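Undergrad: take this sequence and fold it.
(one chain, ligands or ions: 1)
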Amino acid sequence: MRLDYLSIFPAYFDVLDISLVGKAAINGLVEIHAHDLRDWTHDRHRTVDDTPCGGGAGMVMKPDPWGEAFDEIIGTESDPSVHVIFPAPSGTPFTQSAAAELSSAQRIVFCCGRYEGIDHRVIDYARSMWTVHEVSLGDYVLNGGEVAALAITEAVVRLVPGFMGNPESLAEESFSAGQDGLLEYPLFTRPVSWRGLDVPEVLMSGHHGRIASWRRDESVRLTRERRPDLTDSDSSGIH
Ligand SMILES: CN1CCCC[C@@H]1Cn1ccc2ccc(-c3n[nH]c(N)c3C#N)cc21
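TA: A predicted model of the protein is given here:
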């Protein structure tokens, strides 16, 4: 899997060399390339923004640098196997199932906007050439797309076959298919007693049936308390 990041702050992606994604890069599972969008400007000030047509506050990212960057990084041929991701507050909420789908992609290009956003023709052009995803990390406002690109990268790469040492652990995580759409149950480890707080006895019983039942009940309880929106979904075990 090749991952490209287009941003006016490419240094955001230096962290990928340190994290688990860096390990995958070393193992050859992923290839990471961060690019400075300003490298595709031609004026002395390396300008990437301009005032919005129709007026309004702030600045909008000009289409020209994006188009030239696309030509060099992706090419000028249409290829639906290339996935181009535009993080944006107006995007579709990014989910675990979207991460799972993207984990089989061979090429993902993240377009990280800043200012008020990117000229919409950039997205329209990308849609005419590649498979485009306009996604949102959540219902809060960030200053740009970089943090979202990092979060999406981690969510996707950890699902790439061969990346996780113990792929079985993926099946028990919140939001994974194996979890019935329920939140993960509370976790405990040694010591059994810590600052007057004890591990629930059932977990020390060695009775696997009771343990499984306790964990399921806790997942149902937490999901009802914190994510009632998940309790109505077909995939959840709660109805
Ligand atoms: C603040 N500023 C004026 C209001 C509109 C957004 C703008 C900043 N901004 C520019 C590009 C850009 C991309 C993603 C996001 C973003 N915010 N929240 C999310 N869940 C996001 C995602 N994914 C924010 C971005």
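Undergrad: after the helix or strand bottoming out on mean pLDDT in the chain comes which helix or strand?
TA: Ranked by mean pLDDT, DSSP states H and E, the helix or strand of the chain with the weakest confidence is helix 168-171, at a mean of 65. Going down the chain from helix 168-171, the next helix or strand is strand 193-194, by DSSP states H and E.
Undergrad: check which helices and strands the biggest strand by length in the chain sits against.
TA: If you go by DSSP state E, the chain has its longest strand at strand 82-93. Judged by 3 or more C-beta pairs under 8 Å, 6 or more residues apart in numbering; DSSP states H and E, strand 82-93 is in contact with strand 107-111, helix 120-129, strand 131-136, helix 146-157. (Each C-beta comes from the backbone N, C-alpha and C, glycine too.)
Undergrad: buried ones in whichever helix or strand comes after it?
TA: Next in sequence after strand 82-93, counting helices and strands by DSSP H and E, comes helix 96-102. Residues Gln96, Ala98, Ala99, Ala100, Leu102 are the ones in helix 96-102 that count as buried (16 or more other C-beta atoms under 10 Å).
Undergrad: just give me the closest of those to Trp130.
TA: Among those, Leu102 lies closest to Trp130 (C-beta to C-beta), at 13.2 Å.
Undergrad: just give me the longest helix of the protein.
TA: Ranked by residue count under DSSP state H, the longest helix found in the chain is helix 208-226.
Undergrad: quick one, what contacts Val132?
TA: Contacts here follow C-beta atoms under 8 Å, 6 or more residues apart in numbering; on that basis Val132 touches His83, Val84, Ile85, Phe86, Ile123, Ala126.
Undergrad: neighbour-wise, which of those residues leads?
TA: Ile85 (29 neighbours; other C-beta atoms under 10 Å).
Undergrad: does that residue have beta-bridge partners, and which?
TA: For Ile85, the beta-bridge partners are Phe110, His133 (DSSP bridges).
Undergrad: ok, now how distant is the residue most central in space within the chain from Phe188?
TA: The residue lying closest to the centre of the chain (C-alpha atoms, centre = their mean) is Ile152, at 1.2 Å. Distance of Ile152 to Phe188, computed by C-beta to C-beta, to the nearest Å: 31 Å.
Undergrad: and stretch 204-215, how far from the chain's centre?
TA: Here stretch 204-215 is found 34 Å from its chain centre; the criterion is C-alpha atoms, centre = their mean, to the nearest Å.
Undergrad: buried ones in that stretch?
TA: For stretch 204-215, burial by neighbour count (16+ other C-beta under 10 Å) applies to Ile211, Trp214, Arg215.
Undergrad: which residues of the chain score low on pLDDT?
TA: Per-residue confidence for the chain (pLDDT under 70) gives these ranges: 165-178, 232-239.
Undergrad: if we can go back for a sec, closest one of the buried residues of helix 96-102 to Phe13?
TA: Leu102 (17.0 Å).
Undergrad: which of the buried residues of stretch 204-215 lies closest to Ile8?
TA: Arg215 (45.8 Å).
Undergrad: how many neighbours does Ser104 have?
TA: The number of residues near Ser104, taken as other C-beta under 10 Å, comes to 11.
Undergrad: sorry, that was for Pro10
TA: By other C-beta under 10 Å, the residues close to Pro10 number 18.
Undergrad: the residue nearest to it when sequence neighbours are not counted: neighbour count?
TA: Spatial nearest neighbour of Pro10, excluding adjacent residues (C-beta to C-beta, 6 or more residues apart in numbering): Ala34 at 4.0 Å. If you count neighbours by other C-beta under 10 Å, Ala34 ends up with 21.
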